[in-house]
Every structure is written in C-alpha cells, then in structure tokens.
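Q: sequence plus predicted model, see below.
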Amino acid sequence: RDVLSGAREPRWQTDLRVLARGGDGVPIIYGCFRFNVPATSSNLRDIVEQMAAVMEAASKEATRHGATAADNILDCHGYRMADNLNPAPMLELMRMANQPFRDCLRTAIVVDAPRSFYMLWRGGGAAPP
C-alpha cells in the first residue's frame, strides 16, 4: 500500500519499467531476464512490490492518455532456468497482478525465449487466479 501510494520507494530488483508509450497511448512495460535477480524468500516481497509499482505507473500513464491497458515486452535474453525452478515467486506475482491489475495488460510479447522458458510460461498460464 505504501509503495503504490508513493510513500515509499520499492527496492528495485530488475529492470522492469514503463519504457514508452505506443502511438495509441498504450504504455509499454519492458523487462529483461538479463538483469533479473533470482527470487528468494528474502527478496520476494521486493520483487512483488516493484512489479506493483510498475503496473501502477503504467495504469496512471494509460489513464492520462485515454488507454485502458498496457502492453508488456518480456525479453528473455539472459533467461536461466536454474534461476526459475521455484514456482512460488511466479504464483505470488500472479496473485498480486490478479487484483487490482486484472485487466491492465492488453498484450504480452515474449522475445528471444529459449525452450526452457516454455515450462515457466505454461506454468503461469495454468495457475489459478
């Protein structure tokens, strides 16, 4: 709550950010696995708070320009399966994004995904809301 209100800055864990705005006013969220910090029990809250802050920034940017959602570019350059064996971080991120950001993402574009990323992607799609 204090991160979303701006009362406190999140501890940034990745390069996930609102990068630009498309021609139709839709914010573009970008993140690259190259700079991803492997999730542990000690930094999971920080990762979730950073994602919430980015989603909130995208939501405000969308509203300011008449858009209703954001596009997401997920650059898999540097993706390491060994850093993503624990499903808990992804499930926690999905829970966070489910409310209040349920309808905030319009399109997800995955770039340079290795075969091993497919397991993570499929697991995320099969997780309960």
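A: Received, thanks. In this text the structure is predicted, and so the values were computed from the model without any measurement. Numbers count the residues shown, from 1 in each chain.
Q: for the residue nearest the centre of the chain, give me phi and psi.
A: Geometric centre of the chain, nearest residue: Met51, 5.1 Å, by CA atoms, centre = their mean. The phi and psi torsions at Met51 (degrees, to the nearest 10) take the values phi -60, psi -40.
Q: for it, which non-adjacent residue is closest in space?
A: Of all residues not flanking Met51 in the chain, Leu93 sits nearest, at 5.7 Å (CB to CB, 6 or more residues apart in numbering). Where C-beta positions appear, they are placed from N, C-alpha and C, glycine not excepted.
Q: repeat for Ile47
A: Nearest to Ile47 is Gln13, by CB to CB, 6+ apart, at 4.8 Å.
Q: and for the one you found, the neighbour number?
A: 19 (other CB atoms under 10 Å).
Q: that one is in what secondary structure piece?
A: Assessed by DSSP states H and E, Gln13 sits outside every helix and strand.
Q: test my guess that it contacts Val37.
A: Yes - under the contact definition of CB atoms under 8 Å, Gln13 touches Val37, with a separation of 4.5 Å.
Q: between these two, which contacts overlap?
A: Common neighbours of Gln13 and Val37 (criterion: CB atoms under 8 Å, 6 or more residues apart in numbering): 43, 47.
Q: so how far is Val48 from the residue nearest to Met51?
A: Distance of Leu93 to Val48, computed by CB to CB, to the nearest Å: 6 Å.
Q: Asp83 too?
A: Per CB to CB, Asp83 is found 17 Å from Val48.
Q: with neighbour numbers in mind, choose between those two.
A: When neighbours are counted by other CB under 10 Å, Asp83 and Val48 differ, and Val48 comes out ahead with 20 against 14.
Q: pLDDT score for the more buried one?
A: With respect to pLDDT, Val48 has a value of 85.
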